[in-house]
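*Asks:* got a sequence here, can you model it:
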Amino acid sequence: SVPFSEIELLPFVSTLLTECNTTSYSRIELDRLSGTYTGGINVDLELIPVYDEKDETIVTEGTKMQTYLFLRGKCTVENAAKMLGLIKEIVENNTLISQEKAIQLIERKISNLKSSIASRGHSYSVSRMSARYDVQSFMDEKIHGVSQLKALESMLVEANNDWNQFKERLSSILEKISKIRSSQAVINLTGDEAALHGVQGSIQEFLESLSHDDGGSRPDYSVVDHPWIAAAQEEMSEKSPLIDEGIVISSQVSYVGEGGVLYDSGESVSGSTCAPLQYLKKGYLWDEVRAKNGAYGVMAELVRTDGTLFMVSYRDPNLVNTLDIYNAAGDFLLKELEGELIKDEDIVRAIIGCIGALDGSAQPPRSAGWISFYRYMSNSSATRRQKWRDGILGTSKDDFIDFGQRLKTWQKTSVAVVASEKAILDVNKNSQLGLKLVEAY
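*Replies:* Alright, predicted model coming up:
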């Protein structure tokens, strides 16, 4: 019900739900009740991909997704009814904050986002690049990336100069999300068997208290496109072309990223791609970018859903050298194979690294529950995850060759560097890169 044109306002509205008074309680009272009966209540906006029911490893156009506002909390069994009541209260009975408070919140979010970009520039580099290849990533960048900072700055101007209009926009969105419909709500519980049994009564009462008007069931987004897709694709074609960007921040170090397409739409990305990439990350990229080039770290990721690969450095003093290293990665892998320098034990070691990253350590209940819920919402199945795992375990030298050839000839490459203006201008002056300057702050 919220139009795509207001997507950049949604993170701020989500924040408002944890900052507003309600018709029954002041913010101080709500915080006291939350602290007394729960371990905290958070509000998160999520864009969730909906995978192909037949095979989630097939590269798609990224048009199948769901959007949800998640209210997440934890409590003891005896306080479940209290927590559910608080969730309902802050969503359905919120009252809009004052102009002064709104301006304070926007300024705080701007400050936090600037700090995040400066300390985690590698994440924002990847986000910026991803937005050029995939429509869902484009929307995600608008609400979580550099574009969100620009949107917040525009909100601040509007809140100061035209409060009535800004207030109307906020009120419109809050009104649209203020009714939790039983036909569209999804509840996920995590706990031991006794706890899950103990909260059933509270859950049933909560569901009965929700609106039962005919809001209609949610469409099957594995079949139809999300309502935002068409407008997002149009804007994406205009505002997110395949260009190389230098995102300007105040920093003495840089974050250097490059991305491109390894797999086209309709191709399947096998788990056998993991080991060659692991070999590059722990060997070539680490040695060249970290040890020799002086960066603090380097990362690489293959995105299964859209077939793109991204490499990005962390706190890097040498921009151009790092990009040269990225572009030589495919040749390096193929030369290692031609010289028979990659032994069976190297492949096994890379496979072990992939499985270790896949399994990780035991998750706490909150994280385990969220991962399970996310998989459910995105159509991810244990059978298809096992297929990915089997692909990793069955990796051979032929898979290394295929990966190296794809990487050597990767398509539609683009760059996103997060650095100081001086560093970016120096690169443009001393190379043919031609980074387009984007002022972050």
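*Asks:* for W388, helix, strand, or coil?
*Replies:* Each residue gets one of three states, and W388 gets helix by DSSP: H, G, I helix; E, B strand; the rest coil.
*Asks:* what's the closest non-adjacent residue to it?
*Replies:* For W388, the nearest residue in space outside its immediate sequence neighbours is G271; the separation is 4.1 Å by CB to CB, 6 or more residues apart in numbering. All C-beta spots, glycine's among them, are computed from the backbone N, C-alpha and C.
*Asks:* how close does the one you found sit to E141?
*Replies:* Relative to E141, G271 is positioned 27 Å away (CB to CB, to the nearest Å).
*Asks:* now do the strands in the stretch 151-300 of the chain.
*Replies:* Across the stretch 151-300 of the chain, reading from the start of the chain, the strands by DSSP state E, counting those that start in this stretch fall at 245-248, 255-261, 297-303.
*Asks:* would you list these in CSV and tack on distance to N164?
*Replies:* As requested, the strands of the stretch 151-300 of the chain are exported to CSV (distance: least, CB to CB, whole Å):
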stretch, distance to N164
strand 245-248, 34
strand 255-261, 40
strand 297-303, 43
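*Asks:* looking at the ones you listed, which is buried most?
*Replies:* Counting by mean count of other CB atoms under 10 Å, strand 255-261 has the highest mean neighbour count of those, with a mean of 27.
*Asks:* check contacts around the closest residue to P227 other than its chain neighbours.
*Replies:* Nearest-residue entry for P227: F4, 7.5 Å, with adjacent residues in sequence omitted and distances by CB to CB, 6+ apart. With CB atoms under 8 Å, 6 or more residues apart in numbering as the criterion, the residues that contact F4 are 227-228, 231-232.
*Asks:* narrow those residues to those that are buried.
*Replies:* Among those, those scoring as buried are 228, 232 (criterion: 16 or more other CB atoms under 10 Å).
*Asks:* distance to D213 and pLDDT added to the contacts of F4, as CSV?
*Replies:* Supplementary listing: the contacts of F4 in CSV, determined by distance: CB to CB, whole Å; pLDDT from 0 to 100:
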residue, distance to D213, pLDDT
P227, 20, 93
W228, 24, 96
A231, 27, 96
A232, 29, 96
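*Asks:* just the ones in helices from the contacts of F4, please.
*Replies:* In helices, defined here by DSSP state H, the members of the contacts of F4 are 231-232.
*Asks:* need the contacts of F4 in TSV with distance to Y133, can you?
*Replies:* Rendered in TSV, the data for these read as follows (distance: CB to CB, whole Å):
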residue	distance to Y133
P227	22
W228	17
A231	18
A232	13
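*Asks:* L149: which of the contacts of F4 is nearest?
*Replies:* Taking CB to CB as the measure, L149 lies nearest A232 of the contacts of F4, at 19.1 Å.
*Asks:* how far away is that closest one from K167?
*Replies:* Using CB to CB, one obtains 26 Å as the distance from A232 to K167.
*Asks:* contacts only, for the residue nearest to W388.
*Replies:* 57, 354, 387-395.
*Asks:* drop anything exposed from these.
*Replies:* Listed as buried from the contacts of G271 are 57, 354, 387-389, 391-392, 395; burial here means 16+ other CB under 10 Å.
*Asks:* make TSV out of these and add pLDDT and distance to Y51.
*Replies:* Formatted as TSV, the entries for these read as follows, by pLDDT from 0 to 100; distance: CB to CB, whole Å:
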residue	pLDDT	distance to Y51
T57	80	9
C354	97	20
K387	93	12
W388	94	12
R389	96	16
G391	97	16
I392	97	18
T395	98	23
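*Asks:* give me the number of neighbouring residues for N112.
*Replies:* Here the count is done by other CB atoms under 10 Å, and N112 has 11 residues near it.
*Asks:* contacts for the strand or helix carrying it?
*Replies:* N112 is located in helix 99-119, with elements delineated by DSSP states H and E. Applying CB under 8 Å, 6+ apart, the set of residues contacting helix 99-119 from outside is 11-12, 15-16, 19, 97, 124, 146, 148-149, 152-153, 155-156, 159-160, 163, 166-167, 170, 247, 249-251, 418, 440-441.
*Asks:* do the same with stretch 137-157
*Replies:* Stretch 137-157 is touched from outside by 7-12, 45, 47, 62, 103, 106-107, 109-110, 113-114, 117, 124, 127-128, 130-132, 166, 228, 232, 235-236, 240, 247, 306, 438, 440-441, with contacts defined as CB under 8 Å, 6+ apart.
*Asks:* which of those residues are buried? Put it as a ChimeraX command.
*Replies:* One line in ChimeraX is enough to select the buried ones among these; burial here means 16+ other CB under 10 Å:
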select :7,8,9,10,11,12,45,47,62,103,106,109,110,113,114,117,124,127,128,130,131,132,166,228,232,235,236,240,247,306,438,440,441
